[in-house]
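Trainee: Could you work out the structure for the sequence below:
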Amino acid sequence: MAVKNYRDLEIWQDGIRFALAIYRVTANFPKHEQFGLSSQLQRAAVSIPSNIAEGHAQASDAVFARHLQIAIGSAAEVDTQLLIAQQLGYLALEQMQELRASAESLIRRMRSLHRQIT
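Mentor: Numbers count the residues shown, from 1 in each chain. The predicted structure follows:
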């Protein structure tokens, strides 16, 4: 299937699923983290598919490449914040490892896509 818009991109679809997973786990964080680590994780996770969509919609490889770089940075933020959440006791080790593996997979795939368009 040809890519007609960002919704056709598997990496965007996976980014949406990842953001939803982050929202689900942060719903169980302590209430005092609502405007702290929970919010940071949610915003960084939402930034991943958002930047993929925004960059792709510009119809310029250079702009898309820049937005992919931003999305990669957001995924790295999430990765770091998940480790902090686990060390604070907000996430089980297995849960953190699973989510970090997803973040790392997204990063690898976004880097690959970045190389393809530059």
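Trainee: tally of neighbours for the residue lying closest to V78 once chain neighbours are set aside?
Mentor: The shortest distance from V78 to any non-neighbouring residue, by C-beta to C-beta, 6 or more residues apart in numbering, is to A44 (4.7 Å). Where you see a C-beta, it was placed from the backbone N, CA and C, and this is true even at glycine. If you count neighbours by other C-beta atoms under 10 Å, A44 ends up with 23.
Trainee: Please, which helix or strand holds A44?
Mentor: Using DSSP states H and E, A44 falls within helix 37-57.
Trainee: got any ranges where this protein has weak pLDDT?
Mentor: Along the chain, segments meeting pLDDT under 70 span 1-3.
Trainee: ok, now with 50
Mentor: 1 (pLDDT under 50).
Trainee: Name the residues of the strand or helix carrying L99 that are buried.
Mentor: Using DSSP H and E, L99 maps to helix 93-117. Judged by neighbour count (16 or more other C-beta atoms under 10 Å), helix 93-117 contains these buried residues: Q95, M96, L99, R100, S102, A103, L106, I107, R109, M110, L113, H114.
Trainee: name the helices or strands packed onto it?
Mentor: helix 10-26, helix 61-87 (3 or more C-beta pairs under 8 Å, 6 or more residues apart in numbering; DSSP states H and E).
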